[in-house]
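Asks: sequence? don't have it. structure:
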Ligand SMILES: C[S@@+](CC[C@H](N)C(=O)[O-])C[C@H]1O[C@@H](n2cnc3c(N)ncnc32)[C@H](O)[C@@H]1O
């Protein structure tokens with residue numbers, strides 16, 4: 001999983017930081033909703049920080065004493081921080097962590113071995129369903145930060161939590177028919193990812209101190225560059241049918257779950273001009289704890 005994320009994070013276009021300015025500004029605006037009430041804060045935690053291209057770290061560091069960046073891919077965070085001034089670097093702590101808890105019971109190796117050995121898809125599905133029931137525990141790499149952050153942010157991570165990895169491994173490391181792959185990925189994999197997303201939200205909430213805030217954003221619909229203006233002109237209103245067919249299911253699951261667990265402000269939308277191949281419509285908001 002770690003290698004999988006590292007590879008995705010490395011695969012970036014050279015002008016990405018510039019290309020993402022609209023995305024970054026939209027995210028800074030979400031943080032500003034909190035700063036406008038709380039002013040300067042002590043600690044900000046950011047989950048899924050990766051290359052940090054969606055974060056204006058200089059701006060954030062001017063608003064707090066400490067920023068903790070969490071991601072499974074330590075190298076991308078290290079590269080991002082290396083570009084910052086010494087003054088800003090002093091405020092930053094990097095935490096390498098698997099935010100799913102799946103690593104705790106050697107899930108990734110076990111799954112890969114099973115598909116390499118072509119274990120029947122029914123048995124793999126059972127393994128995935130059983131793994132979902134093992135997730136509910138504290139994440140030992142996060143424990144020392146529990147209830148300590150004034151603001152905890154979640155950076156477009158729901159769609160990356162496990163399902164794509166499962167899909168790639170079962171397709172490329174195993175030898176399954178389309179029907180068997182469907183049983184592994186769409187039955188077992190989706191069942192597991194649903195639990196992983198909820199567990200991720202629980203960890204997110206545990207990091208927030210009493211009276212603290214959340215900032216959450218997620219990609220909800222892939223869009224082609226030629227469609228950007230169409231969606232902007234319509235104020236990002238999206239036909240329900242299009243959302244049902246092409247929307248990013250696990251972002252919806254994650255957002256629906258977290259929305260019920262905090263008091264969110266108004267949600268806003270914008271285009272995340274991801275790469276020359278296309279981008280996403282994003283949605284984000286800030287919240288107080290219930
Ligand atoms: C879409 S990126 C978010 C964008 C990122 N902030 C940036 O600017 O590059 C999602 C991030 O989630 C991280 N991630 C995915 N699965 C993870 C996991 N199980 N545990 C921790 N981080 C994970 C990836 O490494 C990636 O950096």
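Replies: Great, that's in hand. These numbers were taken from a predicted model, which means no experiment stands behind them.

Asks: those residues of the stretch 51-200 of the chain touching the ligand, which are they?
Replies: Counting by CB under 6 Å from any ligand atom, the residues of the stretch 51-200 of the chain lying close to the ligand are 51-54, 71-73, 97-100, 155-157, 160-161. To be clear about C-beta, it is placed using only N, CA and C from the backbone, and glycine gets the same treatment.

Asks: mind listing which of these are in strands?
Replies: Secondary structure from DSSP state E places 71, 155 of those in strands.

Asks: just the buried members of the residues of the stretch 51-200 of the chain next to the ligand?
Replies: Neighbour counting by 16 or more other CB atoms under 10 Å classes 51-54, 71-73, 97-100, 155-157, 160-161 among those as buried.

Asks: determine which two of those residues are furthest apart.
Replies: Using CB to CB, those span at most 22.5 Å, a distance reached by 53 and 100.

Asks: now do the contacts for the closest residue to residue 97 other than its chain neighbours.
Replies: Leaving aside its chain neighbours, residue 97 sits nearest to residue 141 (3.9 Å; criterion: CB to CB, 6 or more residues apart in numbering). Residues near residue 141 by CB atoms under 8 Å, 6 or more residues apart in numbering: 95-98.

Asks: CSV please, covering the residues you listed and showing distance to residue 216.
Replies: Putting these into CSV (distance: CB to CB, whole Å) gives the following:
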residue, distance to residue 216
95, 19
96, 22
97, 18
98, 20
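
Asks: just put those in TSV and tack on pLDDT.
Replies: Shown next, in TSV, are the contacts of residue 141 (pLDDT from 0 to 100):
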residue	pLDDT
95	98
96	97
97	97
98	96
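
Asks: nearest to residue 111 among these?
Replies: Distance to residue 111, by CB to CB, is smallest for residue 98 among these, at 13.7 Å.

Asks: now that closest one, nearest residue through space, not along the chain?
Replies: Nearest non-adjacent residue to residue 98, counting by CB to CB, 6+ apart: residue 72, 5.2 Å away.

Asks: all strands for the stretch 1-150 of the chain, in order.
Replies: 41-47, 64-71, 92-96, 149-155 (DSSP state E, counting those that start in this stretch).

Asks: could you identify which of the ones you listed is most buried?
Replies: Among the strands of the stretch 1-150 of the chain, strand 149-155 has the highest mean neighbour count (mean count of other CB atoms under 10 Å), at a mean of 26.

Asks: picking up where we left off before, would you confirm that the residue nearest to residue 98 contacts residue 7?
Replies: No - Residue 72 is not in contact with residue 7 according to CB atoms under 8 Å; the separation is 12.0 Å.

Asks: for the contacts of residue 141, which one is nearest the ligand?
Replies: Proximity of the contacts of residue 141 to the ligand (CB to the nearest ligand atom) peaks at residue 98, which lies at 4.6 Å.

Asks: who are the contact partners of the closest one?
Replies: 1-2, 72, 139, 141.

Asks: could you work out the most separated pair of those residues?
Replies: Farthest apart among those by CB to CB are 2 and 139. That separation is 15.2 Å.
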